[in-house]
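# fold the following, please.
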Amino acid sequence: MAVGVLACSILVSPRALKAVGVGKGILIGVTCSAAGLLTVALAPDENGYALVAGLLLGGGAGISGPLVANALMSSIPRERAGNGSGVNNTLQELGSGLGIGVLGALLTGIFAQAVPDALHPAAGDSYPAAVAAAEGSSGLLDEVRDSFAQALTLSQLIGAAAVLLGGCIAGSMLLRAEKAEQARAAAQDGQDTQQPTKAAADRPADPSGRRGGRSHPPGV
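Below you'll find the model as predicted:
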């Protein structure tokens, strides 16, 4: 995963910014991250799928992370760049902690409801506690493992949906902002083009009938 983050943040993210812009680049990144979570949830453990999931997760974060930072830093005055960097780091830490906490709570809640009734209190504490409570019964141990696998799959699916939804919202908002900025730039260019023409049309005509020409004394 770290390799994917490093490689994509250096090689892919700048090219995505030049090729498709911030909004579409973020959409590409979060789509890769969501695909990585789906791979974790649905793919089997063998045949290298874990490596694929790690590369997708890291690659998605490596693409979208620098683009989000670029969008934030380019929207604030240069003299407040330090504040913007601090806000960006705070939002990243807050998002990571909140995501881990919410998905962890979902995982624990789903797992506690999936195990047999006798293991509900232990499963509500942790997976190792549920395994310890089920020791001595191979049937209960199998149910604990199966319940944890099901809870992990469902929590990863919810995480993938949340990542994709949040990325689509952020990307669409940035796309709208980019289009509005392009429209303002085009309107400004049109005004700059019309001003010299209007100024030339408003010049007084010379005696020979030419508008805006230099007047000459008679006989010259």
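
# where does this structure have low pLDDT?
192, 194-220 (pLDDT under 70).

# who's in contact with Ser75?
Gly84 (C-beta atoms under 8 Å, 6 or more residues apart in numbering). All C-beta spots, glycine's among them, are computed from the backbone N, C-alpha and C.

# name the SS class of it, please.
With DSSP: H, G, I helix; E, B strand; the rest coil as the basis, Ser75 sits in coil.

# for it, give its distance to Asn88.
As judged by C-beta to C-beta, to the nearest Å, Ser75 and Asn88 stand 11 Å apart.

# over to Arg15?
From Arg15 to Asn88 the distance is 21 Å (C-beta to C-beta).

# same deal with Ala123?
38 Å.

# could you do Asn70 as well?
According to C-beta to C-beta, Asn70 stands 10 Å off from Asn88.

# neighbour count winner among Ala123 and Asn88?
Legend: neighbour count by other C-beta atoms under 10 Å for Ala123 and Asn88, higher for Ala123 (27 against 17).

# my guess is the more buried one contacts Ile110, does it?
No: Ala123 lies out of contact with Ile110 (C-beta atoms under 8 Å); the separation is 9.8 Å.

# with just CA atoms, put the strand or helix carrying Val131 into CSV.
In this structure, Val131 sits in helix 127-134 according to DSSP states H and E. Output of helix 127-134 as CSV, limited to C-alpha atoms (Å, rounded to 0.1, in the frame of the first residue of the first chain):
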residue,chain,number,x,y,z
TYR,A,127,-12.8,-10.9,18.4
PRO,A,128,-10.1,-12.5,20.7
ALA,A,129,-12.5,-12.4,23.6
ALA,A,130,-15.1,-14.2,21.5
VAL,A,131,-12.6,-16.8,20.5
ALA,A,132,-11.5,-17.3,24.1
ALA,A,133,-15.2,-17.7,25.1
ALA,A,134,-15.7,-20.3,22.4
